[in-house]
Structure formats: structure tokens, C-alpha cells
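**Student:** For reference, the sequence and a predicted model appear below.
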Amino acid sequence: MTVPFILSRAILAEIGSGGEFLRGSKGGTMVAARLDHVFVLVDREDLASIPAEQGFPVLRRGPHQGGGTGNVVYRFGDVPLELAYPIDRDELARLGKIGFAERWRWRENGYSPFGVVFEVDASSGGRLPFQTWSYAPPFLPGACWTIGAASPVEPLYMVSAELSAVRQPVHDPQFVAVLVSCPGLNCPSPVSQALGDWNICTIRSGSRVGMEWRFASESAATLDLRPAVPLVLRNVRDESVTVEGGWDF
């Protein structure tokens with residue numbers, strides 16, 4: 001699988017995999033899975049709210065040919081955080097049912113502007129405990145993405161059975177956890193439930209759209225990007241910082 005927008009196999013080889021596979025069962029089905037990366041759909045001007053001296057190492061930045069988007073990818077240990085922004089709205093609209101154009105209008109329609117990409121170990125022999133559908137991106141001939149079936153108020157879930165290379169983790173800043181708030185989430189999808197069971201991420205209903213990205217660092221500080229970006233980057237080692245509203249947003 002070619003992952004959305006970002007990480008080429010060369011980049012994945014540089015940063016490696018998101019740690020060991022976490023094995024869990026759902027409905028009697030044993031599956032091994034791990035977090036690959038997370039992305040947030042933002043407006044380009046909102047990137048200015050992240051100062052260059054903040055201490056988050058940049059892995060990649062630039063446009064995606066034919067995809068109508070560009071991005072900045074930050075490195076948190078061996079789990080990247082991608083901020084993707086629109087460049088060409090016409091190209092974005094041609095992406096069709098994947099719904100990126102609609103998700104960028106999250107303030108208007110209540111969709112989630114987040115995406116969670118996770119790997120599953122096909123050799124484990126288990127079946128995914130949720131339904132999926134396939135999407136062929138028009139700007140990547142021959143590619144096919146596997147999407148976890150869920151409501152658009154939940155993050156876009158993308159499943160990869162292609163294992164990335166072993167990575168050399170960076171220990172500062174180090175990824176800890178990701179928590180996502182989804183207003184209107186009355187009944188979480190089987191995908192959300194599985195990711196929670198596998199300790200990949202926590203999805204729950206909240207008063208506002210938002211994500212809390214937790215990391216551990218000796219140098220980088222907690223950063224609250226709201227209201228421009230519904231994202232809080234929280235350093236769990238900095239106990240002196242209190243983020244207004246907590247992660248319920």
C-alpha cells in the first residue's frame with residue numbers, strides 16, 4: 001500500500017516502524033497491529049502557528065504532485081505526525097470518495113480532519129474485525145488504499161499490510177499516545193473500537209473536534225494550536241503546563 005500524501009518507502013526506511021506489533025483479539029480474532037502515522041488536515045497559513053524553534057524535528061515538507069496537497073511531517077520518535085494542507089482545490093476535488101476535500105471543511109460539516117494510518121501483520125493469520133473498502137488514488141497509478149469503514153465524524157482510517165523497514169528511533173521528542181475527540185460520535189465504529197483495544201489510539205465523543213498528541217521530551221514544550229488547528233501537542237514530562245479545556249476540547 002502507498003500511504004496517503006506522505007511517507008515514501010525511502011522515508012519509512014529512515015524512520016522505521018512504529019515499534020513492536022501489539023497483539024489483541026476482537027470477537028475471538030487475533031490480529032497484530034501498530035500505528036504507522038497520523039495526519040491532520042490544516043490550512044497552509046496555520047503552519048505559521050508552529051514556531052521553527054519549537055524543537056519538533058521536521059522529517060519532510062513540500063507538495064505532492066497531482067494530489068492537490070502539500071505537507072510538513074514532524075518526527076516524534078518512530079511515529080510521524082503529518083500536517084497536510086491544500087494547494088490545488090480542483091485536484092483535491094478530483095480525489096472523489098476518499099473525502100479529503102470534505103474533511104477540510106470540518107468546521108462547516110462536522111467531519112473529522114484527522115487520519116490514522118496503521119499497519120497490520122498479515123502473517124498473524126487473523127482477520128480484521130471491521131469492514132473495509134478500497135480506493136485507487138488517481139494521482140498514484142497502480143496504488144490501492146484500504147480504508148476502514150467508519151462515519152466521517154471519525155478520523156479517516158487507513159490500513160496497511162505492507163510492513164515498513166526497521167527504524168532507528170529518535171528519543172527526543174518521543175511519541176507517547178494520541179487521543180481524538182469526535183463530536184456527534186454516538187456509536188463508535190468497529191474500527192475505532194479495535195484501535196482502542198489494540199492501544200493504537202483513543203477515539204471518543206467530545207464537545208469539540210480535537211486531537212491531543214502526547215509526547216515526551218527534555219527540550220520541546222507543550223504547544224496548543226487551537227483555535228487555528230484543533231491540535232494540542234502535550235509534553236507529558238512538563239507537569240507545570242495545564243492546557244485549558246483538557247483533551248475534551
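**Tutor:** Sure, I can see it. Residues are numbered from 1 along each chain as shown.
**Student:** Which helix or strand contains the spatially most central residue of the chain?
**Tutor:** Geometric centre of the chain, nearest residue: Val38, 1.6 Å, by CA atoms, centre = their mean. Val38 is part of strand 29-41, with elements assigned from DSSP states H and E.
**Student:** before we move on, back to that, correct me, but the residue nearest to the centre of the chain touches Val79?
**Tutor:** Yes - judged on CB atoms under 8 Å, Val38 makes contact with Val79 at a distance of 7.5 Å. Placement of C-beta: from N, CA and C, glycine included.
**Student:** Give me the three-state assignment for Ser192.
**Tutor:** Three-state assignment for Ser192 (DSSP: H, G, I helix; E, B strand; the rest coil): helix.
**Student:** Counting neighbours, what do you get for the nearest residue to it once chain neighbours are set aside?
**Tutor:** Distance criterion CB to CB, 6 or more residues apart in numbering; nearest residue to Ser192, sequence neighbours excluded, is Ile203 at 4.1 Å. Residue crowding around Ile203 was assessed by other CB atoms under 10 Å; the count is 26.
**Student:** now do Arg208
**Tutor:** Arg208: 13 neighbours (other CB under 10 Å).
**Student:** what do you get for Ile87?
**Tutor:** Neighbours around Ile87, by other CB under 10 Å: 15.
**Student:** Is Arg234 in contact with Trp213, as I believe?
**Tutor:** Yes - counting by CB under 8 Å, Arg234 touches Trp213, with 7.0 Å between them.
**Student:** Can you mark which positions in stretch 51-64 are buried?
**Tutor:** 56, 59-60, 64 (16 or more other CB atoms under 10 Å).
**Student:** Oops, could you answer that again for stretch 182-201 instead?
**Tutor:** 182, 185, 188-192, 194-196, 198, 200-201.
**Student:** Flag the shaky bits of this protein, pLDDT-wise.
**Tutor:** 1-30, 52-53, 122-126, 161-171, 240-249 (pLDDT under 70).
**Student:** now do 80
**Tutor:** Flagging of the chain using pLDDT under 80 yields the residue ranges 1-32, 49, 51-55, 65-66, 121-127, 161-171, 239-249.
**Student:** ok, which stretches of it are helices?
**Tutor:** Here the chain has its helices, by DSSP state H, at 9-15, 89-93, 100-103, 106-109, 190-197.
**Student:** Pull the contacting residues for Leu225.
**Tutor:** 46, 49-50, 231-233 (CB atoms under 8 Å, 6 or more residues apart in numbering).
**Student:** ok, it to Gly210 distance?
**Tutor:** 10 Å (CB to CB, to the nearest Å).
**Student:** For these two, list the residues in contact with both.
**Tutor:** The contact lists of Leu225 and Gly210 share 231-232, where a contact means CB under 8 Å, 6+ apart.
**Student:** quick one: the residue nearest to the centre of the chain and Glu82, what's the gap?
**Tutor:** Val38 is 7 Å from Glu82, by CB to CB.
**Student:** Make JSON lines from the buried residues of stretch 182-201 and add distance to Val117 to it.
**Tutor:** As requested, the buried residues of stretch 182-201 are exported to JSON lines (distance: CB to CB, whole Å):
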{"residue": "Cys182", "distance to Val117": "17"}
{"residue": "Leu185", "distance to Val117": "20"}
{"residue": "Pro188", "distance to Val117": "18"}
{"residue": "Ser189", "distance to Val117": "16"}
{"residue": "Pro190", "distance to Val117": "17"}
{"residue": "Val191", "distance to Val117": "12"}
{"residue": "Ser192", "distance to Val117": "15"}
{"residue": "Ala194", "distance to Val117": "14"}
{"residue": "Leu195", "distance to Val117": "11"}
{"residue": "Gly196", "distance to Val117": "16"}
{"residue": "Trp198", "distance to Val117": "14"}
{"residue": "Ile200", "distance to Val117": "10"}
{"residue": "Cys201", "distance to Val117": "11"}
